[in-house]
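>>> quick one: sequence and predicted model below, then my questions.
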Amino acid sequence: MPAHMSVSVIGAGAWGTALADVAARAGRKVTLYARNAEHAAQIQAMRVNPRLAGVQLHPGIAVTSDIAVAALADIILAVTPAQHLRAAVGHLAPHLKPDTPVIACAKGIEHGTHKFMTEVIAEAAPRAVPAILSGPSFADDVARGLPTAVTLATRDEALARALVQALGSATFRPYHTTDVRGVEIGGAAKNVLAIAAGIVVGKNLGASALAALTTRGFSELARLGRACGARAETLAGLSGLGDLLLSCSTAQSRNFALGLALGRGEAAPIGKLAEGAFTAPVLCELAAAQKVDMPVSNAVAAILGDRLTIDAAIEGLLTRPFKAE
Ligand SMILES: NC(=O)c1ccc[n+]([C@@H]2O[C@H](COP(=O)([O-])OP(=O)(O)OC[C@H]3O[C@@H](n4cnc5c(N)ncnc54)[C@H](O)[C@@H]3O)[C@@H](O)[C@H]2O)c1
Ligand SMILES: O=P(O)(O)OC[C@H](O)CO
């Protein structure tokens with residue numbers, strides 16, 4: 001197994017910046033890539049990224065807008081929104097050394113193709129080794145050094161272990177697995193379900209309803225996971241149940257915050273990436289293709305697509321036939 005001494009982060013948003021800090025804290029040589037040269041120069045000079053306000057960049061992090069420089073690293077973290085991953089990795093691919101691990105840190109499913117994040121990497125950079133990192137972790141918490149645990153998956157177990165060693169520290173604890181699909185499904189579905197949780201709170205339906213929604217949400221996440229070949233322990237682990245619990249419990253989640261605003265009849269928060277809004281329609285298409293019933297996710301997709309009012313969605317969910325748990 002080659003030494004993984006250097007890490008590049010593609011995408012200088014909130015999560016990319018927090019993960020650059022994680023890698024620097026773990027002792028790696030870190031390069032943060034921002035596609036906009038002016039933005040890169042500003043972060044390099046100020047040592048602060050406005051997308052992660054109030055957090056000082058680790059002194060060891062170099063910032064670049066040169067993709068060829070970023071591509072030289074032993075490990076790549078791809079940290080763009082899910083719908084931009086193909087373009088970002090495609091831009092990087094010609095410059096990569098063969099067999100470089102490219103770890104998707106986005107949570108979503110690609111529109112049109114229904115591809116998961118590692119499948120997108122495999123197509124956009126065929127000589128890379130795709131992996132995925134996901135789990136309950138807010139960029140702000142991670143960047144402040146608060147304790148966090150996530151799941152890191154790639155098909156080769158020895159590589160998964162090595163990547164965990166390269167990125168892990170006392171405050172950022174990745175657990176390894178080879179269940180790539182299980183990790184991808186948890187991260188994508190939890191964002192959609194977090195919007196539903198926010199709606200429940202915004203509509204003042206009560207703490208009991210929130211617990212019911214979260215539990216039934218997990219039930220449909222797990223049904224889809226099983227249909228797609230995910231392992232039960234992954235679905236009940238950090239990247240599945242763990243991330244669902246986090247995102248369904250606090251307005252610190254941008255997806256929950258979107259649902260909260262919708263439930264209160266307010267405008268959606270501006271400038272905040274809510275991946276679940278992009279994932280909802282494609283998650284429902286995927287579930288339908290797999291003949292998996294996902295009533296909560298379907299309701300979220302219909303609300304966001306203006307095909308259903310929130311009140312009608314709630315009534316529809318509450319009047320479904322009684323059935324075995
Ligand atoms: N913010 C969090 O707490 C958090 C935690 C875990 C996972 N995530 C996931 O990480 C992903 C990114 O989220 P974020 O919070 O960093 O979003 P963000 O909006 O803060 O940043 C996204 C960044 O991606 C960059 N980008 C877009 N297209 C690009 C391209 N083609 N090449 C290079 N850069 C490109 C943008 O310029 C921007 O800087 C999402 O899928 C999200 O679900 C976020
Ligand atoms: O702010 P959100 O809803 O994108 O959630 C961020 C992370 O995915 C939480 O694990």
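Cool, the structure landed. Ligands and ions are numbered 1, 2, ... in the order given.

>>> His4 contacts Ala166, doesn't it?
Yes - contact status for His4 versus Ala166: in contact at 3.9 Å, counting by Cβ atoms under 8 Å. In this view, the C-beta of every residue, glycine as well, is placed from N, C-alpha and C.

>>> hey, what's in contact with both of the two?
Both His4 and Ala166 are contacted by 28, 74-75, under the criterion Cβ atoms under 8 Å, 6 or more residues apart in numbering.

>>> can you select the buried ones from these in ChimeraX?
Selection of buried members from those for ChimeraX, criterion 16 or more other Cβ atoms under 10 Å:
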select :28,74,75
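
>>> pairing partners for Leu133 in the sheet, please.
For Leu133, the beta-bridge partners under DSSP bridges are Leu152.

>>> where does Ser239 fall, phi/psi-wise?
With angles defined as degrees, to the nearest 10, Ser239 sits at phi -80, psi -10.

>>> neighbours around it, how many?
30 (other Cβ atoms under 10 Å).

>>> what segments of the stretch 1-150 of the chain are strands?
Using DSSP state E, counting those that start in this stretch, the strands found in the stretch 1-150 of the chain span residues 6-10, 29-33, 61-64, 75-78, 101-104, 129-134, 148-153.

>>> for ligand 1, find the nearest of those strands.
strand 6-10 (5.5 Å; Cβ to the nearest ligand atom).

>>> give me the contact list for the closest one.
The contact list for strand 6-10, computed with Cβ under 8 Å, 6+ apart, reads 16-17, 19-20, 23, 28-33, 67, 70-80, 88-89, 92, 166-167.

>>> and with 7 Å instead?
With Cβ atoms under 7 Å, 6 or more residues apart in numbering as the contact definition, strand 6-10 has outside contacts at 16, 19-20, 23, 28-33, 70, 73-80, 88, 92.

>>> I'd like to know which of those are buried.
Here, 16+ other Cβ under 10 Å leaves 16, 19-20, 23, 28, 30-33, 70, 73-80, 88, 92 buried among these.
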